[in-house]
Every structure is written in structure tokens, then in C-alpha cells.
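K.L.:
I need the structure of the sequence given here:
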Amino acid sequence: MLDSLYRYLFLKEQVSIPGVGSLRVQKQQAVFDTGSGMLKPPISSIVFEQGTALTDKHFYYFLAQQTGLSEVDAVRRFQDLAYQLRKDIQNNDHVELSGLGVFRRNATGNVVFEQDVQPDVYFPPFEVSSRQKQSIEAPEEENHGIEVYEETPVTKKDRWWIWAVALTAIAIAAVVYHYSLRMR
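P.N.:
You can find the predicted model right below:
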């Protein structure tokens, strides 16, 4: 059941656990630190928001598809899982969701989530050569040495008019040929 929860989280970037809260995938863009010459890769982290979260019906449908259960049984099993998770968080100092992270109670009694894997493990920052640095540096702004770059979409040139002209020329040639045969 947890595997399906993980899949939904990473596909839809948000999942709610009733009575516990919501987990959301938060994406940060790649950052170039001009001071150190390091390019830091884009990072995805999991953010937890405590509260009474209601699960959407799309998740239940997804869960039924993933587990092979009827939607009613999938809802019932997920509600049981959410109840057990909520109970475990209340009774223990931490509850681990293997491969994802750990729920803990902080000093004020609020539930916090600590992500398991640090993103730097998979995509460590790397140094950019001076030649590469010159090609990606933008004019300095008030940003304290850190520049954020966004991907720009590549636009494909529209060339439909070439086909239209070619078909028009063929049509004119066919009409001229047809009338030239009649004139003989």
C-alpha cells in the first residue's frame, strides 16, 4: 500500500494522508554560484504540511488500479493505513516510511517530516570551467553572487506554408495540363 502512496506522490507531486497531513514534492531550480563557480543541480524535496487532509478521489482510483482491489476496498485499506500511521505517530517518538523519510514529534508536539535521502547524493554540485562560466553568466543583478537560470522552451518554426504553395502549384499545373489537352 505504501508503494502505491509513493508512486502517486512522485507522479502527482502531492498526496494527502487523512488525519496526518499532506506530502508535497517541491522543486527548486538549478543555481549557479558565481562566487565558488559551482553549478548546483535542480533539487526535489518532500515538504510536509500537518493538518486535517482529505484525500482526493483520483488517489483512491489510482490505489484501486495499483493494488487490484475494488475502489471501496482500496479506500478502506488506505483509511486503515492512515489510522495506524496517525496512531503510531502519537505513540512513538518517530515513525519511518522506508525510503521516503521519518515523521517525528518536535518539542512543541507538532509532527514534522524529515526526508530520508539528501538530493546531493544523486546530483552533487560540480565546478564550472572558466570558459563555461563565461558562456552561462548573465549580467549581475542584486542577487548576492547567485544566479538562477530557467529553461527556455525551444520553438519549432512553422513551415506549413511551403506545403500550401507546393500543392497550389501542382493544382495549377494540373488545370493547365487538363485544358491544354482539351485545346488540341
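
K.L.:
From residue 101, how far off is residue 24?
P.N.:
Plainly put, residue 24 is 13 Å away from residue 101 if you go by Cβ to Cβ, to the nearest Å. For the C-beta atoms, the positions are set from N, CA and C on the backbone; glycine is no exception.

K.L.:
more neighbours, the two?
P.N.:
Higher neighbour count among residue 24 and residue 101: residue 101, with 19 against 16, using other Cβ atoms under 10 Å.

K.L.:
Quick check, the more buried one in contact with residue 95.
P.N.:
No. Residue 101 is not in contact with residue 95 according to Cβ atoms under 8 Å; the separation is 9.9 Å.

K.L.:
Would you mind finding the longest helix in this structure?
P.N.:
Here the longest helix in the chain is taken by residue count, with DSSP state H as the criterion, and it is helix 160-183.

K.L.:
what mean pLDDT does that helix have?
P.N.:
For helix 160-183, mean pLDDT rounds to 90.

K.L.:
now it: how far from the chain's centre is it?
P.N.:
51 Å (Cα atoms, centre = their mean, to the nearest Å).

K.L.:
Residue 49: what's it in contact with?
P.N.:
21, 22, 24 (Cβ atoms under 8 Å, 6 or more residues apart in numbering).

K.L.:
Closest to residue 54 out of the residues you listed?
P.N.:
Using Cβ to Cβ, the shortest approach to residue 54 within the contacts of residue 49 belongs to residue 22, at 9.5 Å.

K.L.:
would that closest one count as being in a strand?
P.N.:
Yes. Judged by DSSP: H, G, I helix; E, B strand; the rest coil, residue 22 forms part of a strand.

K.L.:
if I look at it, how far off is residue 165?
P.N.:
55 Å.

K.L.:
Could you tell me how far the closest residue to residue 115 other than its chain neighbours is located from residue 116?
P.N.:
Setting aside the residues directly before and after it, residue 115 is nearest to residue 101 in space (Cβ to Cβ, 6 or more residues apart in numbering), at 4.5 Å. When Cβ to Cβ is applied, the distance between residue 101 and residue 116 equals 5 Å.

K.L.:
cool, and residue 44?
P.N.:
Counting by Cβ to Cβ, the gap from residue 44 to residue 116 is 13 Å.
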